[in-house]
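Asks: Sequence and predicted structure, then a few things I'm wondering about:
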Amino acid sequence: MKPLSNRTADFTDSVIRRMTRISNQYNAVNLSQGFPDFDPPKPILEALEKASHQGPHQYSITCGAQNFREALAQKQSRLMGRSINPETEIVVTCGSTEAMMAAMMTVANPGDKVIVFSPFYENYGADTILSGAVPIYVPLHPPAFNFNADELEAAFKQDPKALILCNPSNPTGKVFNREELTIIADLAKKYDIYVITDEVYEHIVYEPHEHIYLASLPGMFERTISCSSLSKTYSITGWRLGYIIAPEPIIDVAKKVHDFLTVGAAAPLQEAATVGLQFGDDYYTDLQKKYTEKRTLFLAGLDDIGLTYSTPQGAYYVMIDISKYKSDNDLAFCTWLAEHVGVGAVPGSTFFRENVNHLIRLHFAKKEDTLYEALNRLSEINKKWQSTSF
């Protein structure tokens, strides 16, 4: 047999999704893969029930159902501070994962360079490789995970085609402030590159921080490919509904890529989710309040246990420092944690280009009872570590 494609030779399966399987194997509380254990909003579920009986059940328009795109354009126009045309500036995708891949293939030719901040959501490295591009990694320095402007400009000087920006950040929970975004924007304009944003946590931001859309900064809509998803905002991660917002010339290409990647997102799910896109501002205020309460509960529990962490400014992840356990293998540590403590986590090394093995990621997008159970189990971590041969 002839050898298979070698483009995937340098990456494994998703470690995040692998940790879900390991959590299930040991009946651990799964705080690894970031999905909630509570229901989506009732109006969306009611709309889904209606769509299951009345349809649509056949293909929607490839770029997205008309009513979905119109509702999305109205919502995001208000948030991004400009009028977004639902006909020419939106394409609906099968989750933000496809949105990011379509964006990469829209922008990058094989051999083009793309800047990726490290740590990064693990798909970005794979997206870059699958599209034939070459990643340039720029570190975000803990504990605040800020970038150094000189290091960033040094990457820009290598003639990249694009930069990927996850804001709020997975895995760190960092929210890029206006000053940082302005530095990125000024460099993008100076060196004439595109910016691909991943903004799936745009509505999960903790005061006093605020989410600022890079595309809303002066001169940036023209060169920004804004990717996002309904997964986190409406607690429907399994529906796989995402989108790209960008200028018409970019969307024209992204539509073609999307068409041949997946044809289109699920029609009945678009119909049901349109209801969520029409929610008023009170929904997003309540969402922020709910996640703020979960963050407060979870971080207080980590404090009581004596675990060290970086306080997330947005999203629903916490990076925990496990240095005191003197393990040089964070994947093995997370497997031990699932088996012996009963809590699923993600090893931090899967997010870093650098050799980092002392951080793990937990998430708190769970019911209060689930978080209390996880914290109760984690309270035994020191005792079980001392009594277990590793």
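Replies: That came through, no problem.
Asks: Now for Q25: which residues touch it?
Replies: A338 (CB atoms under 8 Å, 6 or more residues apart in numbering). Backbone N, C-alpha and C define where each C-beta goes, glycine included.
Asks: Please put the alpha-carbon coordinates of stretch 349-364 into PDB.
Replies: Only the C-alpha atoms of stretch 349-364 are listed here, as PDB (Å, rounded to 0.1, in the frame of the first residue of the first chain):
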ATOM      1  CA  SER A 349       1.300  21.100  27.500                       C
ATOM      2  CA  THR A 350      -1.300  20.600  24.700                       C
ATOM      3  CA  PHE A 351      -1.800  24.300  24.500                       C
ATOM      4  CA  PHE A 352       1.900  25.500  24.600                       C
ATOM      5  CA  ARG A 353       4.600  25.600  21.900                       C
ATOM      6  CA  GLU A 354       7.100  26.000  24.700                       C
ATOM      7  CA  ASN A 355       8.100  23.100  27.000                       C
ATOM      8  CA  VAL A 356       5.400  23.700  29.700                       C
ATOM      9  CA  ASN A 357       4.400  20.800  31.900                       C
ATOM     10  CA  HIS A 358       3.400  22.400  35.200                       C
ATOM     11  CA  LEU A 359      -0.100  23.700  34.300                       C
ATOM     12  CA  ILE A 360      -3.500  22.000  33.900                       C
ATOM     13  CA  ARG A 361      -6.800  23.400  32.700                       C
ATOM     14  CA  LEU A 362     -10.100  22.900  34.400                       C
ATOM     15  CA  HIS A 363     -13.400  24.500  33.400                       C
ATOM     16  CA  PHE A 364     -16.500  25.600  35.500                       C
END
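Asks: ok, now how distant is A273 from Q58?
Replies: 17 Å (CB to CB, to the nearest Å).
Asks: who's more crowded, the two?
Replies: The residue with more neighbours, out of A273 and Q58, is A273; 28 against 7, by other CB atoms under 10 Å.
Asks: Can you give me the distance of that one to N167?
Replies: Taking CB to CB, one finds A273 at 23 Å from N167.
Asks: Give me the neighbour count for E46.
Replies: E46 - counted by other CB under 10 Å - has 12 other residues nearby.
Asks: ah, wrong one, I meant V205
Replies: Using other CB under 10 Å, V205 has 23 neighbouring residues.
Asks: now it, which residues is it bridged with?
Replies: Using DSSP bridges, the beta-bridge partners of V205 come out as G314.
Asks: is it true that it touches Y316?
Replies: No: in terms of CB atoms under 8 Å, V205 does not count as a neighbour of Y316; the distance is 10.8 Å.
Asks: pLDDT score assigned to the most far-flung residue of the chain relative to its centre?
Replies: What lies farthest from the middle of the chain is M1; by CA atoms, centre = their mean that is 38.2 Å. The score at M1 is 91. That number is its pLDDT.
Asks: gap between it and D13?
Replies: If you go by CB to CB, the gap between M1 and D13 works out to 22 Å.
Asks: in the stretch 1-150 of the chain, which spans are strands?
Replies: 29-30, 90-93, 113-118, 134-139 (DSSP state E, counting those that start in this stretch).
Asks: how far away is A71 from F156?
Replies: Counting by CB to CB, the gap between A71 and F156 amounts to 37 Å.
Asks: Hmm, I typed the wrong one, I wanted H258.
Replies: From H258 to F156 the distance is 28 Å (CB to CB).
Asks: The two: who's more crowded?
Replies: Neighbour totals were compared for H258 and F156, and H258 leads with 29 against 20 (other CB under 10 Å).
Asks: tell me the contacts of the more buried one?
Replies: Counted by CB under 8 Å, 6+ apart, H258 has contacts T62, C63, V91, T93, E98, A102, I244, G264.
Asks: Now Y213: closest residue in space, sequence neighbours ignored.
Replies: The shortest distance from Y213 to any non-neighbouring residue, by CB to CB, 6 or more residues apart in numbering, is to M80 (4.8 Å).
Asks: per-residue confidence at that neighbour?
Replies: Note on M80: pLDDT of 96.
Asks: what number of residues lie near it?
Replies: By other CB under 10 Å, 20 other residues sit near M80.
Asks: OK, contacts around it?
Replies: Contacts of M80 by CB under 8 Å, 6+ apart are Y213, A215, S216, S226, I245.
Asks: Name whatever forms a beta bridge with the residue lying closest to the second one once chain neighbours are set aside.
Replies: What it means is A215. Excluding the flanking residues, the one nearest A215 by CB to CB, 6+ apart is T224, at 4.0 Å. Note on T224: beta-bridge partners by DSSP bridges are V195.
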